[in-house]
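*Asks:* Using only what follows, build the 3D model:
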Amino acid sequence: QVMLVESGGGLVQAGGSLNLSCAVSGRTFSVYAMGWFRQAPGKEREFVASVSWSESSTYYADSVKGRFTISKDTLEETLYLQMNSLKPEDTAVYYCALPEAAFTTGALNLEEEIKYWGQGTQVTVSS
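*Replies:* Numbers count the residues shown, from 1 in each chain. Predicted coordinates for the structure are as follows:
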């Protein structure tokens, strides 16, 4: 059974930082690309960042480029999203995402590519 469990969300002031974690079980973590998506109130879920299965490539939405960093810890089987210089518009529920197939290539930035989702963690940035 595949499980994705996020943690690390919370309330932070604008300009602050948070580090989200996503613990993965039920899959061989090292052979999967993974990503983060988010959904703000009243909006559709959108791509935030992804990392290739080999960790050689990372992809970011333009809105977070230069502020967020995605990484994988293969030993801990955990995906991270370090978020710096947070803005009120970053307020959303953040989801980690896992595709069905291993060794996928590309940005993994479409919901159709995702098979498994975490339960989400709330990030609130106050102005």
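*Asks:* what bridges to Leu11?
*Replies:* Thr124 (DSSP bridges).
*Asks:* Look up the pLDDT of it for me, please.
*Replies:* The model reports Leu11 with a pLDDT of 98.
*Asks:* Could you do Glu55 as well?
*Replies:* 93.
*Asks:* check contacts around it.
*Replies:* By Cβ atoms under 8 Å, 6 or more residues apart in numbering, the contact set of Glu55 is Ser71, Lys72, Thr74. For every residue, glycine as well, the C-beta is placed using N, CA and C.
*Asks:* Kindly recompute the last result at 6 Å.
*Replies:* Lys72 (Cβ atoms under 6 Å, 6 or more residues apart in numbering).
*Asks:* three-state assignment of it?
*Replies:* coil (DSSP: H, G, I helix; E, B strand; the rest coil).
*Asks:* I'd like the distance between it and Thr124.
*Replies:* 30 Å (Cβ to Cβ, to the nearest Å).
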